[in-house]
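Asks: Need a 3D model of the sequence below.
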Amino acid sequence: MLTSEHFCAADLWSEKSQKYAEVDVQIVAVAKGEIVGDKGRSKGMPFVTMKSARTGENIPKRLGLNATNCKTVASIAGSPNTDKWKDLWITLYVTQTEVGREGEQCLTPTRSSRRASSPASCEPPRSSTRATSRPASRS
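Replies: Numbering: from 1, shown residues only. Purely as a prediction, here's the structure:
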């Protein structure tokens, strides 16, 4: 599986269970960043620094948010202003998206059952569209 300097779907793969995990994270900071694509083009996007709900520690890799994920986080936060995203709890899960003619694993944020003022221990909502296993290898 591919690795990246940024937080990505591969970071949620569990060798033990042979499926992707879902994680609750708290956004601790948002900063402008840039990512360079396969064709050498750079694209600006917000990058979030996150804290793990499980360990309480900052996750070393930052997550770059594409336009769709920015809209989702803005909806959860109630504001497109990234300054208001700090301390927001989200759940990240892996799903599949179409890129050209091929499917690709991607991270999707959703509203977390956790709250900044009162962490809850209930399970986040489940969806049948979430990827739980690796796609078949390409030949």
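Asks: how far is the helix or strand encompassing I35 from where the chain is centred?
Replies: Using DSSP states H and E, I35 maps to strand 23-36. In this view, strand 23-36 has its centroid 9 Å away from the chain centroid, taken as C-alpha atoms, centre = their mean, to the nearest Å.
Asks: Pairing partners for it, with directions?
Replies: strand 42-52 (antiparallel), strand 89-99 (antiparallel) (DSSP bridges).
Asks: of these, which approaches W13 most closely?
Replies: strand 89-99 (8.1 Å; C-beta to C-beta). (Each C-beta comes from the backbone N, C-alpha and C, glycine too.)
Asks: quick one on the thing from earlier: buried residues, the strand holding I35. List them.
Replies: Buried residues in strand 23-36, counting neighbours by 16 or more other C-beta atoms under 10 Å, are found at V23, D24, V25, Q26, I27, V30.
Asks: so the last one sits right up against R62, yeah?
Replies: This means V30. No. Shown here, V30 and R62 do not form a contact pair, counting by C-beta atoms under 8 Å, at 9.5 Å.
Asks: Identify the contacts common to these two.
Replies: F47, V48, T49 (C-beta atoms under 8 Å, 6 or more residues apart in numbering).
Asks: looking at these, which has the most residues close by?
Replies: V48 (27 neighbours; other C-beta atoms under 10 Å).
Asks: follow-up on the earlier one: would you convert the strands paired with strand 23-36 into JSON lines that also reports distance to D11 and mean pLDDT?
Replies: Conversion of the strands paired with strand 23-36 to JSON lines gives the following (distance: least, C-beta to C-beta, whole Å; pLDDT from 0 to 100):
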{"stretch": "strand 42-52", "distance to D11": "11", "mean pLDDT": "96"}
{"stretch": "strand 89-99", "distance to D11": "9", "mean pLDDT": "93"}
